[in-house]
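*Asks:* no sequence on this one, just coordinates:
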């Protein structure tokens, strides 16, 4: 009889009921946590739960808890879809930025290549111009040297001719002096010249 009285003690009964409620609440929390995790992975799960609640409400009528649960599921679904849209928009924005950045990099590389090509072209043209100037200058110097050489040779030839002519004239004068240096020869020459005149007369 003592055991029955102890088992029926109100405090124990209350504690057992609280424990059952706690276990039930913990189980429900674990189930809710699992459902929420599933919904986070796939928001469409929330719509399935809402449809199940609607079916139960049509069969048994709506309750405050079912209405609240539907509202929570709908809010969770809307929140996740908004987040999904934001993430999608953010991903698209980043993708567009990456495409724009790659395009800009490609344009910058192309511009750099064109600038390098133009710079190399200018340098090549400059080198060609310098080479052309050097060639022209070399030709000019060679032409001037050839002209100077020709002038020197011409002067030398003229000098040689003049020297030769002077030498011939000097030799002729010397021969002439030698020819008329003897008086007898001069007299004979004069007589011969006079005889020629007489015969001519």
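*Replies:* Sure, I can see it. Note that the structure is a prediction, hence the values are computed from the model and not measured. Residues are numbered from 1 along each chain as shown.
*Asks:* roughly how far apart are residue 99 and residue 92?
*Replies:* Noted for residue 99: a distance of 10 Å to residue 92, by C-beta to C-beta, to the nearest Å. Bear in mind the C-beta positions are built from the backbone N, C-alpha and C, glycine included.
*Asks:* what's the average pLDDT for the longest helix anywhere in the chain?
*Replies:* Longest helix in the chain by number of residues, with DSSP state H as the criterion: helix 64-179. Averaged across helix 64-179, pLDDT comes to 90.
*Asks:* for it, name the packing helices and strands.
*Replies:* Helix 64-179 is packed against helix 10-41, helix 44-60, with contacts defined by 3 or more C-beta pairs under 8 Å, 6 or more residues apart in numbering; DSSP states H and E.
*Asks:* swap the cut-off to 6 Å and go again
*Replies:* With contacts defined as 3 or more C-beta pairs under 6 Å, 6 or more residues apart in numbering; DSSP states H and E, the secondary structure elements packing on helix 64-179 are helix 44-60.
*Asks:* and the angle from the helix it packs on to helix 64-179?
*Replies:* With axes from the mean of the first three to the mean of the last three C-alpha atoms, to 10 degrees as the basis, helix 44-60 and helix 64-179 are set at 160 degrees to each other.
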